[in-house]
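Novice: From the sequence below, what's the structure:
(chains A and B)
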2 protein chains.
Amino acid sequence: MNSVAIVGVGLIGGSFGLALRKAGFSGRIVGVSSAATVEKALKGGVIDAALPLSEAVGAADLVYLAQPIGAILETLDAVDAHVRPGTRITDAGSTKVMICERAAAGIRRGRFIGGHPMAGKESRGVEQADADLFRGRPYVLTSREPQLEGWIERIGARLVLLDAAEHDRLVAFVSHLPQLLSTALAATIGEQPESAAQVAGPAAADLTRLALSPYDIWRDIFSTNAASIDAALAAYIAKLEQLRTQLRSPEMEGAFEKAAAAARGLRR
Amino acid sequence: MNSVAIVGVGLIGGSFGLALRKAGFSGRIVGVSSAATVEKALKGGVIDAALPLSEAVGAADLVYLAQPIGAILETLDAVDAHVRPGTRITDAGSTKVMICERAAAGIRRGRFIGGHPMAGKESRGVEQADADLFRGRPYVLTSREPQLEGWIERIGARLVLLDAAEHDRLVAFVSHLPQLLSTALAATIGEQPESAAQVAGPAAADLTRLALSPYDIWRDIFSTNAASIDAALAAYIAKLEQLRTQLRSPEMEGAFEKAAAAARGLRR
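Specialist: Sure thing, here's the model as predicted:
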């Protein structure tokens, strides 16, 4: 692998570039992004050069799409005409079914491998890019590709192979559901009198932190994973209704123990 | 105020003793607790002496009940016979309606003021007692009492006056609901395949931290505040159902903005 094109040089794309360098990648890293972002990325040593999409991907061995989901879908329609046959194309989008479907329809010369690094930060932008962002974090691929798998290991991430549908089903539970339940909690408390905020302790603060997330990344996630999120919400609401009937029942103790065991499982 | 009796010298009772001392209280602090706890409390300088309930409260100007809720209810039935007329009796229980009702029925010679310091730690026990535990935290009283209010201010807490019913209604939203939704999330994720844990990131970890809480303190909270918790759960489930219908709707953006504003309000 001699040349990588990163399309969308924000937190994730920029971190991937820095992580590749730190892991020993000595080839060329070309960025495709807005003029303002490209300037910061060049200044920060995140990319070696900036080019328009059609030129950047033509010389690349790996094309890394790190835009918002909606923009990835558009790039997948446009990129294939410009790559050399056999070029590997991967992405970092938070949902996988629609992206993999679009790639199956649009990528002919290149070879697409869906990806999702489960990493992030509260602040975004290439200024926040971090060579260690992926270290110790899960990195999902939807199909095998030895060279890409090798770099994922070298940047310190934990490779997880999942097909696109199973990925989307699971992240609905572990990622999209937490966001929605935090938003719902903040909204529910917000409808109470102001004195509710006066008595709120660390539990309320902890569980409403995600509710501070900006909507712009969530719009695409909800619109590309609505069915799985709907199913996860249904399962979660059923669980809440079950706990609701058990408030004064001895069964609640067992429910707490099972939930605590599951919470410990998430920390292993 | 020359003498304080702390009944239940755990994290909260012990911290109240240390906080009084740090705030300049120079009178006697007597503890009522199990032999093992009393030994640690004496060794840690949290109390000056340990006595059985009937003796401890007889000389006290303030009786501070910092036991679990169920034990507070029992103490309220027993303590009045042993106090001098006019002795102030307060508590640190997490729910207030049943405690205040029991006090209204049982406290004749003493004068009861319901209390709830909104403070805590992940670990409990007198070993964790901390003179600064209440600093900057809300401290609810269900009625006014100038001397007690003065000490609450001197230990650095923020006094909040709420009647018992309003307290219980509000903590159902800001404290009991967060616990249940975290428990429900861990339980729901726990019913997914093991690969769910493999792709779980910081959001799932954050939102299931409360699910690790031991059940023993929650049993009493649920049994003494079931109606308010049921109402809070109903409001929360309705909010989730509303978000569920808006997954692909432009209205979701407004819902996110309102929730974010409420979450910021909790941080002021």
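Novice: So what are the structural domains in chain A, by residue number?
Specialist: Here the domain assignment for chain A is A:3-162, A:165-265, based on automatic domain parsing.
Novice: can you tell me which of these comes nearest to B:Ile89?
Specialist: Evaluated with Cβ to Cβ, the domains of chain A place domain A:165-265 nearest to B:Ile89, the distance being 22.0 Å. Just so you know, the C-beta spots here come from the backbone N, C-alpha and C atoms, and that holds for glycine as well.
Novice: ends of that closest one, how far apart?
Specialist: Start and end residues of domain A:165-265 are separated by 23 Å (Cα to Cα, to the nearest Å).
Novice: repeat for stretch A:213-227
Specialist: Using Cα to Cα, the end-to-end distance of stretch A:213-227 comes out at 22 Å.
Novice: contacting residues around it?
Specialist: Residues outside stretch A:213-227 that contact it (Cβ atoms under 8 Å, 6 or more residues apart in numbering or on different chains): A:68-70, A:94-95, A:97-99, A:168, A:171-172, A:176, A:179, A:229, B:247-248, B:252-253, B:256-257, B:260.
Novice: Just confirm A:Phe112 is within a helix.
Specialist: No - with DSSP: H, G, I helix; E, B strand; the rest coil as the criterion, A:Phe112 is assigned strand and is not in a helix.
Novice: for it, what are its contacts?
Specialist: For A:Phe112, the contact set (Cβ under 8 Å, 6+ apart) comprises A:76, A:89-90, A:100, A:103-104.
Novice: which stretches of the stretch 151-268 of chain A form helices?
Specialist: A:164-171, A:177-190, A:195-198, A:202-207, A:216-224, A:226-245, A:251-265 (DSSP state H, counting those that start in this stretch).
Novice: about what we covered before: from the contacts of stretch A:213-227, list just the buried residues.
Specialist: Among the contacts of stretch A:213-227, those classed as buried by neighbour count (16 or more other Cβ atoms under 10 Å in any protein chain shown) are A:68-69, A:94-95, A:97-99, A:168, A:171-172, A:176, A:179, A:229, B:247, B:252, B:256, B:260.
Novice: where in the stretch 51-200 of chain A is pLDDT low?
Specialist: Under the criterion pLDDT under 70, no range of the stretch 51-200 of chain A is flagged.
Novice: Look up the closest residue to the spatially most central residue of chain A, ignoring the ones flanking it.
Specialist: For chain A, the residue whose C-alpha lies nearest the mean C-alpha position (Cα atoms, centre = their mean) is A:Ser94; its distance is 3.7 Å. In space, A:Ser94 comes closest to A:Ile221 once its chain neighbours are excluded; the distance is 5.3 Å by Cβ to Cβ, 6 or more residues apart in numbering or on different chains.
Novice: Near that neighbour, how many other residues are there?
Specialist: Other residues within reach of A:Ile221, judged by other Cβ atoms under 10 Å in any protein chain shown, total 22.
Novice: now swap in A:Tyr64 and tell me
Specialist: Using other Cβ under 10 Å: A:Tyr64 sits among 26 other residues.
Novice: Could you look up the SS state of it?
Specialist: Per three-state DSSP, A:Tyr64 ends up strand.
Novice: who touches it in this structure?
Specialist: Each residue near A:Tyr64 by Cβ under 8 Å, 6+ apart is listed here: A:4-7, A:13, A:16, A:90-92.
Novice: give me that answer again for 10 Å
Specialist: By Cβ atoms under 10 Å, 6 or more residues apart in numbering or on different chains, the residues touching A:Tyr64 are A:4-9, A:12-13, A:16-17, A:20, A:29, A:31-32, A:88-92, A:115, A:148.
Novice: In strands, which of the residues you listed fall?
Specialist: Residues of the contacts of A:Tyr64 located in strands (DSSP state E): A:4-7, A:29, A:31-32, A:88-91, A:115.
Novice: how about the helices in the stretch 1-150 of chain A?
Specialist: Under DSSP H, counting those that start in this stretch, the stretch 1-150 of chain A gives helices at A:11-22, A:35-43, A:53-58, A:69-78, A:97-106, A:146-154.
Novice: List the buried residues of the last one.
Specialist: Of the residues in helix A:146-154, those scored as buried under the neighbour-count criterion (16+ other Cβ under 10 Å) are A:148, A:151-152.
Novice: most packed of the helices of the stretch 151-268 of chain A?
Specialist: Comparing those by mean neighbour count (mean count of other Cβ atoms under 10 Å in any protein chain shown), helix A:177-190 ranks first with a mean of 26.
Novice: Count the neighbours of the residue of the stretch 1-150 of chain A found nearest chain B for me.
Specialist: Nearest to chain B in the stretch 1-150 of chain A, going by Cβ to the nearest Cβ, is A:Met118, at a distance of 4.5 Å. Applying other Cβ under 10 Å, we find 23 other residues in the vicinity of A:Met118.
Novice: Any figure for the gap between it and B:Ala203?
Specialist: As judged by Cβ to Cβ, to the nearest Å, A:Met118 and B:Ala203 stand 10 Å apart.
Novice: and if you look at A:Val38?
Specialist: Distance, A:Val38 to B:Ala203, by Cβ to Cβ: 30 Å.
Novice: likewise A:Pro117?
Specialist: From A:Pro117 to B:Ala203 the distance is 14 Å (Cβ to Cβ).
Novice: ditto for A:Lys239
Specialist: From A:Lys239 to B:Ala203 the distance is 18 Å (Cβ to Cβ).
Novice: got it, and A:Glu127?
Specialist: Distance, A:Glu127 to B:Ala203, using Cβ to Cβ: 23 Å.
Novice: do A:Ile47 as well
Specialist: Separation of A:Ile47 from B:Ala203 (Cβ to Cβ): 29 Å.
Novice: again, but for A:Ala129
Specialist: For A:Ala129, the distance to B:Ala203 (Cβ to Cβ) stands at 21 Å.
Novice: repeat for A:Ile189
Specialist: A:Ile189 is 19 Å from B:Ala203, by Cβ to Cβ.
Novice: Just list the residues touching the closest residue to chain B within the stretch 101-250 of chain A, thanks.
Specialist: Closest residue of the stretch 101-250 of chain A to chain B, Cβ to the nearest Cβ: A:Gly190 (2.7 Å). By Cβ under 10 Å, 6+ apart, the residues touching A:Gly190 are A:196-197, A:208, A:211, B:173, B:239, B:258-266.
Novice: mind checking how far it is from B:Ala255?
Specialist: 11 Å.
Novice: Common neighbours of these two, please.
Specialist: B:Lys239.
Novice: Next up, phi/psi of the residue nearest to the centre of chain A, please.
Specialist: Phi and psi for A:Ser94, reported as degrees, to the nearest 10, are phi -80, psi -10.
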